[in-house]
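A.B. asks: The sequence isn't on hand, but the structure is:
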């Protein structure tokens, strides 16, 4: 594990029958950074999140988070160690109120969960929706609530899987502002995002996945001009 | 629970407690069965209403409690200890069963539980040395407490089951159970230990029918495998909870109360048609109030702020 890394992934493999979704992925995430994970559809980005977050425990390799191996741990164990994630498609609890959606994600012994949930809702101007059911929110609001939900445990690292997909521009801006704010306070992020302007704007380092393997890493400018990346996205190298 | 709800609950309990002073044996028996259904519906609500794991086999724990109670009474245990042990034995049996079956989801869990009830019935039928098989166990009246003891014990169980569900519902444990019901994967992803929570709810939900079964056998003084593990009992629990409101505290109480009263009324007035009429009534509720009767009370509280503003103009 490199000095200053919060997440270190070595030789990560995940097969689905004959399909190799991850082929020996190596990845380092610096503590306090915002790292981008990009790649064409089907390149293995979400599978990578599934494995690192413990949702998929069939992978082989090594995943070190905060100095301890976490591969094979259950999702709730990883969550309580400080690594949280959101989903590509919103998964708020539809028949729980917005407030309950947040409180359930706090640590069990957290006595201030309710007041912090209300604070978080106020920060994104959703405090009037505290008693509304998750299913009654707009899709963008659901995505935002899902993001707030993982903040309840004050994680040291958050994996965001296309957090802005389907979110209107106003709420999207609110979301990115919160990411910047939390990053300023020390929270580490890894973001899967298809909007390259956002990646360029937020991420210090970018990894590119293609067909289950990392094909490029570096700052966005370097990655953008990498021939392998262009080939992965457009099918052939630019002349 | 609000002050108003507490006041209503206290008034209902006081009325139920005073009833044996004025009511006939028939009315006491009816109320005893009503309390029994409240307790059983709450037990089913605890696992199936709160976690979404629909059990078609909770009558198995009722039967286990009933047999445990009957045998312990025959071995000379006092009635109250037979009730306590009925609950504990049902809970102990449920733990390994829960560990195995709660890995299954949706219809697979439901079918596994249905199978459990059937297996329990067959075991009770074939284990003649212990249960006397299909001949059943008749308990000597000398071993049994009177109707009023059974009445108050069943009332106490209904209150205890409702209080337990209310306490769980308002606490962190209940919130985690409801999150599991909504999306088990997402719940685990926000720190909920789903295996521990489901198993705890399952064991608690088995202890209640265990105790109820022990009291029921003291009331009927006779038990055989068909009456102990009756599939219809599973259906009644489910129907009453769905009628009142799945996953709520008062839904099972309302559901058991309304269904039992209406069924009794229909049976007296239209003996040939009472089941058809009851079925039609349940169909109407399921179609127009899928959240049960309780959903009427909960609806406005959950409205989006802009809808409330628009409606109050």
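C.D. replies: Ah, there it is. Treat the numbers as computed from the prediction; the structure is a model and nothing was measured. Numbering: from 1, shown residues only, chains lettered A, B, ... in the order given.

A.B. asks: So for the longest helix belonging to chain A, what gets flagged as buried?
C.D. replies: For chain A, the helix reaching the highest residue count under DSSP state H is reported as helix A:169-184. Buried positions in helix A:169-184, judged by neighbour count with 16 or more other Cβ atoms under 10 Å in any protein chain shown: A:171-172, A:174-176, A:178-179, A:182-183. Bear in mind the C-beta positions are built from the backbone N, C-alpha and C, glycine included.

A.B. asks: Can you tell me which of the residues you listed is nearest residue B:294?
C.D. replies: Within the set of the buried residues of helix A:169-184, residue A:171 lies nearest residue B:294; the separation is 32.9 Å, counting by Cβ to Cβ.

A.B. asks: Which residues does the longest helix of chain A contact?
C.D. replies: When contacts are defined by Cβ atoms under 8 Å, 6 or more residues apart in numbering or on different chains, helix A:169-184 is touched by residues A:32-34, A:123-125, A:140-141, A:143-144, A:147, A:151, A:158, A:160, A:163-164, A:167, A:189, A:191, A:198, A:201-202.

A.B. asks: of the buried residues of helix A:169-184, closest to residue B:45?
C.D. replies: Ranking the buried residues of helix A:169-184 by separation from residue B:45, with Cβ to Cβ as the measure, puts residue A:171 on top at 36.9 Å.

A.B. asks: any chance of the buried residues of helix A:169-184 in JSON lines, plus distance to residue B:172?
C.D. replies: Compiled in JSON lines, the buried residues of helix A:169-184 are given as follows (distance: Cβ to Cβ, whole Å):
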{"residue": "A:171", "distance to residue B:172": "29"}
{"residue": "A:172", "distance to residue B:172": "33"}
{"residue": "A:174", "distance to residue B:172": "29"}
{"residue": "A:175", "distance to residue B:172": "28"}
{"residue": "A:176", "distance to residue B:172": "32"}
{"residue": "A:178", "distance to residue B:172": "26"}
{"residue": "A:179", "distance to residue B:172": "29"}
{"residue": "A:182", "distance to residue B:172": "25"}
{"residue": "A:183", "distance to residue B:172": "30"}
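
A.B. asks: right, and the pair among these with maximum separation?
C.D. replies: With Cβ to Cβ as the measure, no two of the buried residues of helix A:169-184 lie farther apart than A:171 and A:183, at 18.7 Å.

A.B. asks: Quick check: next helix or strand after the longest helix of chain A?
C.D. replies: Next in sequence after helix A:169-184, counting helices and strands by DSSP states H and E, comes strand A:188-192.

A.B. asks: Mean confidence (pLDDT) on that next one, please.
C.D. replies: Averaging the model's pLDDT scores along strand A:188-192 yields 96.

A.B. asks: so where is the stretch 151-300 of chain B shaky, pLDDT-wise?
C.D. replies: Along the stretch 151-300 of chain B, segments meeting pLDDT under 70 span B:299-300.

A.B. asks: Contact residues of it facing chain A?
C.D. replies: With the criterion set to Cβ under 8 Å from any Cβ of the partner chain, the stretch 151-300 of chain B comes near chain A through B:172, B:175-176, B:178-179, B:181-183, B:185-194, B:247.

A.B. asks: Now that we have these, which of them are buried?
C.D. replies: B:172, B:175-176, B:178-179, B:181-183, B:186-194, B:247.

A.B. asks: In helices only, show me these.
C.D. replies: The helices in this structure, assigned by DSSP H, contain B:172, B:175-176, B:178-179, B:181-182, B:186-189, B:194 from these.

A.B. asks: Distance to residue B:23 added to these, as a markdown table?
C.D. replies: Listed next are these as a markdown table, based on distance: Cβ to Cβ, whole Å:
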| residue | distance to residue B:23 |
| --- | --- |
| B:172 | 41 |
| B:175 | 40 |
| B:176 | 42 |
| B:178 | 38 |
| B:179 | 43 |
| B:181 | 39 |
| B:182 | 43 |
| B:186 | 50 |
| B:187 | 46 |
| B:188 | 50 |
| B:189 | 53 |
| B:194 | 45 |
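
A.B. asks: from those, which single one is nearest residue A:61?
C.D. replies: The shortest distance between residue A:61 and any of those, using Cβ to Cβ, involves residue B:189 and amounts to 20.9 Å.

A.B. asks: what sits against the closest residue to that closest one other than its chain neighbours?
C.D. replies: What sits nearest to residue B:189 in space, not counting adjacent residues and going by Cβ to Cβ, 6 or more residues apart in numbering or on different chains, is residue A:75, at 4.9 Å. Going by Cβ under 8 Å, 6+ apart, residue A:75 touches A:53-55, B:185, B:188-189.

A.B. asks: can you give me the offset of the lowest-mean-pLDDT helix or strand in chain A from its chain's centre?
C.D. replies: Taking mean pLDDT, DSSP states H and E as the measure, chain A has helix A:227-234 as its least confident helix or strand, at a mean of 81. A distance of 23 Å separates the C-alpha centroid of helix A:227-234 from that of its chain, computed with Cα atoms, centre = their mean, to the nearest Å.

A.B. asks: who touches it?
C.D. replies: Contact with helix A:227-234 is made by A:39-40, A:43, A:208, A:210-211, A:215-216, A:223, A:237-238, as judged by Cβ under 8 Å, 6+ apart.

A.B. asks: just stretch B:237-254 next, same as before
C.D. replies: Contact with stretch B:237-254 is made by A:95, B:1, B:5, B:37-38, B:40-45, B:48-50, B:54, B:56, B:58-59, B:162, B:165-166, B:169, B:178, B:181, B:255-256, B:258-260, B:282, B:285-286, B:291-295, B:298, as judged by Cβ under 8 Å, 6+ apart.

A.B. asks: ditto for stretch A:190-201
C.D. replies: Contacts with stretch A:190-201, where a contact means Cβ under 8 Å, 6+ apart, come from A:7, A:29, A:34-38, A:45-46, A:49, A:88, A:157-165, A:176, A:179, A:202-203, A:206, A:220-221, A:224.

A.B. asks: Okay, buried residues for it please.
C.D. replies: Buried residues in stretch A:190-201, counted by 16+ other Cβ under 10 Å: A:190-193, A:198-199.

A.B. asks: For the helix or strand containing residue B:297, name the packing helices and strands.
C.D. replies: Secondary structure here is read from DSSP H and E; on that basis residue B:297 sits in helix B:294-298. In this structure, helix B:294-298 makes packing contacts with no helix or strand, judged by 3 or more Cβ pairs under 8 Å, 6 or more residues apart in numbering or on different chains; DSSP states H and E.

A.B. asks: which residues in the stretch 1-150 of chain B form helices?
C.D. replies: For the stretch 1-150 of chain B, the helices defined by DSSP state H, counting those that start in this stretch cover B:3-22, B:25-44, B:50-51, B:59-74, B:79-101, B:107-126, B:128-131, B:147-170.

A.B. asks: Over the fifth one, what's the mean pLDDT, rounded is fine.
C.D. replies: It refers to helix B:79-101. When the per-residue pLDDT values of helix B:79-101 are averaged, the result is 96.

A.B. asks: now do stretch A:45-65
C.D. replies: Stretch A:45-65 shows an average pLDDT of 95 in the prediction.

A.B. asks: Can you give me the end-to-end span of that stretch?
C.D. replies: Stretch A:45-65 has its terminal residues 18 Å apart, counting by Cα to Cα, to the nearest Å.

A.B. asks: Buried residues in that stretch, which are they?
C.D. replies: A:45-56, A:59, A:61, A:63-65.

A.B. asks: Can I take it that residue A:36 is in a strand?
C.D. replies: Yes. With the criterion set as DSSP: H, G, I helix; E, B strand; the rest coil, the secondary structure at residue A:36 is a strand.

A.B. asks: what's around it, how many residues?
C.D. replies: When neighbours are counted by other Cβ atoms under 10 Å in any protein chain shown, residue A:36 registers 24.
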